[in-house]
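Undergrad: Fold the following and give me the result.
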Amino acid sequence: MASTESAGKILAGQGAITGWQEDLYKDFHRNPELSHHEERTAGIIADQLTGFGLEVHKKVGGTGVVGVLANGDGPTVLLRADIDALPVKEATGLDYASAAVAIDASGGQTPVMHACGHDFHMSSLLGAAKLFAEQRDAWAGTLIALFQPAEELGDGAKTMVEGGLMGLVPKPDVALAQHVLVHPAGTIGPHTGPFLSMADSVRVTLHGRGSHGSMPHLSIDPAVLASMVVVRLQSVVAREVQPGEFAVLTVGKIAVGAKSNIIDDHAVLELNIRTYSKAIRDQLLAAIERVAKAESAASGSPKEPDFEIYNSYPLTDNNADVTAKVTAAFEEYFPAETVQDYGRQTASEDFSDVPTAFGTPYTYWGVGGIDPQAYAAADAAGAVSSIPANHSPMFAPVIQPTLTTGTAALVVAASAWLGKD
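TA: All right, here's what the predicted structure looks like:
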């Protein structure tokens, strides 16, 4: 396979960049930045891409960075990495752990951590871009390296599109991306069709009537109302969604009251839903509204609840032809045991907003980040769920072989289009 030969030539220099890449990863990990505030991170990325010889576009949709490497006639491939971190206090104990703090959207101070692996994504894509730039004789076409902010808010891809992305780069023939997941390091997990769920967060404000804690008969207690809504919502997936269909409905936050002897006049629920089907999504949203309104009426609320949908993520639905081509390239280049179908993941991503805007097919795969021996031991004990996962303060993928595998996966996948015949 010509693309495999091209990938091999490009990756021949991988060993020489390992030290640089690991130092870069540790620097990103020590210095995480919240969504839409990735100024330092974006500056490092832009400087690196400029040094590689790419045409660099900064501040795309705020803090997004795009590098374009044109190398003669051929297809155009877009590779994407997300760059933001999370408001999480790191508890890994690593010698390169984050001690960063930042001001969050509410104006308060919060610890910050790369608790989702975006530091790996950036470092892998920068490594791939460097290797492509150093081995131009091995491929032909155009490589787009896109570094996207604010994935954790679900709007970073859209802000880049709205910020003029489509006028800055040629239309890609294919778009590719990856994510570090709780699987053995050194493995890669392509999957055809729906891979990551669509997601929505819903804020429900329930209205009551306030009173003194000693005079509950004068109130309409929103704490009781909120409790009834939460209990009723627990039956929606179990009793309203057809068995075999995937759906998650989680109540993540209940906010009501300020003092033990005050009955407040409202309560706020924050919910999260995950689905692979728009029909099921609409069913869950309708059920949330129905239950909240019905319980409010049953409690005698002075007015109907208010609803706000936010932090929405599209379905990541991998194109069958693109996925087959990438999988074949992986299976040709990597050892047989390396390529594993991870199956559907219940997490969500906004990556697909970029290729959808271009009308470009895409695929998105997983990369294992857990020490293989530790994973095997946990698996044998039936305790894989005990391994700290993405968004945990203990999430600590091993640097190697995660970083070299993630870098190689990007090169091999892109070479399926850019490799010379």
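Undergrad: so what's Arg274 up against?
TA: Applying CB atoms under 8 Å, 6 or more residues apart in numbering, we find Arg274 in contact with Ser197, Met198, Ala199, Phe246, Ala247, Val248, Thr346, Ser348. C-beta here means a position set from N, CA and C on the backbone, and glycine is covered the same way.
Undergrad: now with 7 Å?
TA: Contacts here follow CB atoms under 7 Å, 6 or more residues apart in numbering; on that basis Arg274 touches Ser197, Ala199, Val248, Thr346, Ser348.
Undergrad: Also Thr323?
TA: Counting by CB under 7 Å, 6+ apart, the residues that Thr323 touches are Pro190, Thr192, Thr363.
Undergrad: Most neighbours out of the contacts of Arg274, which is it?
TA: In terms of neighbours by other CB atoms under 10 Å, the contacts of Arg274 top out with Ser197 at 24 neighbours.
Undergrad: pLDDT value on that residue, please?
TA: In this model, Ser197 is scored at 96, pLDDT.
Undergrad: Could you do Ala105 as well?
TA: According to the per-residue confidence, Ala105 scores 82 in pLDDT.
Undergrad: Sketch out the helices for the stretch 151-300 of the chain, chain order is fine.
TA: With DSSP state H, counting those that start in this stretch as the definition, the stretch 151-300 of the chain shows helices at residue ranges 156-162, 165-168, 222-240, 278-299.
Undergrad: Just the buried residues of the least confident helix or strand in the chain by mean pLDDT, please?
TA: One helix or strand of the chain scores below all others by mean pLDDT, DSSP states H and E: helix 2-11, with a mean of 90. By neighbour count with 16 or more other CB atoms under 10 Å, helix 2-11 contains the buried residues Ser3, Thr4, Glu5, Ser6, Ala7, Lys9, Ile10, Leu11.
Undergrad: before we move on, what about stretch 405-421?
TA: In terms of neighbour count (16+ other CB under 10 Å), stretch 405-421 has its buried residues at 405-420.
Undergrad: Skipping adjacent residues, who's closest to Ala133 in space?
TA: Spatially, and ignoring its direct neighbours in sequence, Ala133 is nearest to Phe52 (4.1 Å; CB to CB, 6 or more residues apart in numbering).
Undergrad: so what's Asp104 closest to, chain neighbours aside?
TA: Sequence neighbours aside, Thr110 is the residue nearest to Asp104 in space, at 4.5 Å (criterion: CB to CB, 6+ apart).
Undergrad: er, Leu126 actually
TA: Take Leu126 and drop its neighbours on the chain: the residue closest to it by CB to CB, 6+ apart is Gln48, 5.3 Å away.
Undergrad: Could you check how far the one you found is from Thr92?
TA: Using CB to CB, to the nearest Å, Gln48 is found at 25 Å from Thr92.
Undergrad: Neighbour count for those two, which is higher?
TA: Gln48 (22 against 17).
Undergrad: next helix or strand past the host helix or strand of the more buried one?
TA: Secondary structure here is read from DSSP states H and E; on that basis Gln48 sits in helix 39-52. The first helix or strand that comes after helix 39-52 along the chain, using DSSP H and E, is strand 55-60.
Undergrad: partners of that following strand in the sheet?
TA: strand 64-71 (antiparallel) (DSSP bridges).
Undergrad: Work out the gap between stretch 402-412 and the centre of the chain.
TA: The gap between where stretch 402-412 is centred and where its chain is centred comes out at 18 Å by CA atoms, centre = their mean, to the nearest Å.
Undergrad: mean confidence for it?
TA: Stretch 402-412 comes out with an average pLDDT of 98.
Undergrad: Contacts for it, please.
TA: Stretch 402-412 has contacts (CB under 7 Å, 6+ apart) with 7, 10-11, 14, 18, 21-22, 25, 79, 120, 123-125, 127-128, 131, 178, 180, 185-186, 188, 329-330, 333, 367, 369.
Undergrad: Contact partners for the residue nearest to the spatial centre of the chain?
TA: Most central residue of the chain, judged by C-alpha distance to the mean C-alpha position with CA atoms, centre = their mean, is Glu349 at 4.3 Å. Going by CB under 7 Å, 6+ apart, Glu349 touches Glu151, Leu196, Tyr313, Thr316, Tyr364.
Undergrad: of the helices of the stretch 151-300 of the chain, which approaches Asp264 most closely?
TA: Within the helices of the stretch 151-300 of the chain, the stretch nearest Asp264 is helix 222-240; the backing value is 5.7 Å (CB to CB).
Undergrad: okay, that closest one in CSV with CA atoms only?
TA: These are the backbone C-alpha positions of helix 222-240, laid out as CSV (Å, rounded to 0.1, in the frame of the first residue of the first chain):
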residue,chain,number,x,y,z
PRO,A,222,-39.5,24.7,45.6
ALA,A,223,-37.2,22.2,47.4
VAL,A,224,-40.1,19.7,47.6
LEU,A,225,-41.1,20.5,44.0
ALA,A,226,-37.6,20.0,42.7
SER,A,227,-37.3,16.7,44.6
MET,A,228,-40.5,15.4,43.0
VAL,A,229,-39.3,16.4,39.6
VAL,A,230,-35.9,14.6,40.1
VAL,A,231,-37.6,11.4,41.2
ARG,A,232,-40.1,11.5,38.4
LEU,A,233,-37.4,12.0,35.8
GLN,A,234,-35.6,8.8,36.9
SER,A,235,-38.4,6.8,35.2
VAL,A,236,-38.2,8.5,31.8
VAL,A,237,-35.4,6.4,30.4
ALA,A,238,-36.5,3.3,32.3
ARG,A,239,-40.1,3.4,31.4
GLU,A,240,-40.5,5.7,28.3
